[in-house]
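Colleague: when you get a sec, could you give me coordinates for this:
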Amino acid sequence: MTERREVWITGVGIVSCLGEGIEATWRHLERGDPPPYDDKSFAPYIVHPLAPLNFDKQIPKKSDQRQMELWQRIGVYAAGLALGDAGIAGKPELLDSTDMIVAAAGGERDVAADSAILTGMRKVAERAPFLNERLMSDLRPTLFLAQLPNLLAGNISIVHGVVGSSRTFLGEESAGIDAVRIAQARIAAGQSELTLVGGSYHATRWDLLLVFEQTGMALKDTFAPVWDRGSHGGVAFGNIGAFLVLESSDHARSRGARPRARIAAVRADRNRRQPGEIEATLRREWDAVAANVDPAHAAVISGASGAEPATSAERTVLKEIGLPVRNTGTYIGHGVEAQFLANLGIACAAIEHDKLFAPAGSGDFGASPSGLSQVVVTGVGNWRGEGLALIERVD
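Modeller: Numbering: from 1, shown residues only. A predicted model of the protein is given here:
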């Protein structure tokens with residue numbers, strides 16, 4: 001069997017409510033500044049809006065910008081930041097062989113049509129036939145087909161010239177975790193040398209809040225840190241774009257690229273979410289990497305969303321693990337497909353700065369270890385999917 005190769009993160013691109021780029025994000029987290037959130041524009045729901053961006057910097061053509069919805073512009077912008085950080089932006093000799101894996105949700109729905117259907121459903125006895133009839137007649141049949149993640153991948157290819165193989169995933173947090181897992185596995189196995197992997201999420205939209213209101217998950221009325229939202233919980237969604245450039249260590253060395261960190265392992269799983277199953281899955285994933293973790297120089301960056309019972313279950317296991325913990329959702333909100341990728345980027349910054357960022361809420365515990373060299377990044381879906389990655393400093 002061929003020995004598996006080292007996989008380095010050589011580029012990070014992130015945009016969120018904290019600003020543009022990993023350094024701006026880190027400065028806010030390090031200071032522990034109050035999280036930027038909006039409790040008025042979509043009241044009673046609480047969201048984390050996107051910081052102001054000049055999209056011309058990464059998407060020069062106005063014609064390209066016009067044909068993208070915001071979730072696509074966010075993703076294309078973050079992808080450009082990652083490519084620039086890795087030193088491959090504008091270099092066809094590298095972009096021609098750069099593979100791409102994108103995780104994102106679908107596009108925006110027709111809010112007026114949805115509202116009319118929901119109003120009508122309250123007045124009929126047989127809701128299922130009514131719903132089918134209205135969906136067939138009120139929605140354009142091409143609407144959803146035109147807004148899948150492959151459209152984001154296509155726009156990244158057009159704008160930035162990434163023309164290697166392309167894969168796209170749709171499926172909430174699990175999509176982002178699996179995107180990283182597959183990108184890392186392909187490079188480790190010698191099936192790819194260079195891969196752009198990332199996700200994008202547009203949270204400040206009524207159609208999305210309507211979906212999560214029906215599940216009872218959306219945070220309303222009063223903001224609180226992720227860990228302190230009570231037994232019912234609540235998710236404050238955030239506009240996030242996060243992309244990473246993953247590369248084999250040999251390829252990176254050959255072109256003089258510096259590693260931000262090494263991805264040592266990625267684990268992904270799911271369960272039926274019966275009582276105790278989230279904890280069992282997380283323990284199993286932790287057991288798979290625990291032997292390679294040095295507790296004196298390691299910490300956890302959690303992707304807990306605030307949804308219950310997932311957040312409480314993750315907190316239970318993190319206390320058992322005993323490493324210092326920081327959650328990012330309090331600061332940047334929850335970006336679903338993009339969250340795991342954003343947290344990997346933030347973990348790279350923590351390793352580079354040799355410390356954790358400021359705690360926020362009762363679930364953030366433990367002092368920052370001296371000489372932080374390993375970070376365990378967790379991702380527990382609001383509804384399904386549990387994942388974990390171990391990243392390390394490259395000496």
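
Colleague: contacts, neighbours, all on C-alpha from now
Modeller: Fine.

Colleague: show me what contacts V162?
Modeller: L95, D96, S97, T98, D99, M100, I156 (C-alpha atoms under 8 Å, 6 or more residues apart in numbering).

Colleague: immediately after the lowest-mean-pLDDT helix or strand in the chain, which helix or strand?
Modeller: Across the helices and strands of the chain, the lowest-confidence element by mean pLDDT, DSSP states H and E is helix 111-121, at a mean of 84. As assigned by DSSP states H and E, the chain's next helix or strand after helix 111-121 is helix 127-138.

Colleague: what element comes up after that following helix heading to the C-terminus?
Modeller: Proceeding C-terminally, helix 127-138 gives way to helix 149-160 as the next helix or strand, assigned by DSSP H and E.

Colleague: got a list of contacts for that next one?
Modeller: With contact meaning C-alpha under 8 Å, 6+ apart, helix 149-160 is reached by 59, 64, 72, 75-76, 79-80, 89-90, 100-106, 162-163, 166-170.

Colleague: let's see 7 Å
Modeller: Helix 149-160 is contacted from outside by 59, 72, 76, 80, 102-106, 162-163, 168-170, using C-alpha atoms under 7 Å, 6 or more residues apart in numbering.

Colleague: sort out which residues of it are buried, please.
Modeller: P149, N150, L151, L152, A153, G154, N155, I156, S157, V159, H160 (16 or more other C-alpha atoms under 10 Å).

Colleague: what of stretch 80-90?
Modeller: Those would be G80, L81, A82, L83, G84, D85, A86, G87, I88, A89, for stretch 80-90 by 16+ other C-alpha under 10 Å.

Colleague: before we move on, what about stretch 93-105?
Modeller: For stretch 93-105, by 16+ other C-alpha under 10 Å, it's L94, L95, S97, T98, D99, M100, I101, V102, A103, A104, A105.

Colleague: the last one: what's it in contact with?
Modeller: A105 makes contacts with P149, L170, E172, Y201, as judged by C-alpha under 7 Å, 6+ apart.

Colleague: go through those and flag which are in strands.
Modeller: Of the positions in those, Y201 sit in strands, assigned by DSSP state E.

Colleague: my read: P44 touches T222, true?
Modeller: No. Using C-alpha atoms under 7 Å, P44 is not in contact with T222; the gap is 8.6 Å.

Colleague: list the helices and strands the least confident helix or strand of the chain packs on?
Modeller: helix 127-138 (3 or more C-alpha pairs under 7 Å, 6 or more residues apart in numbering; DSSP states H and E).
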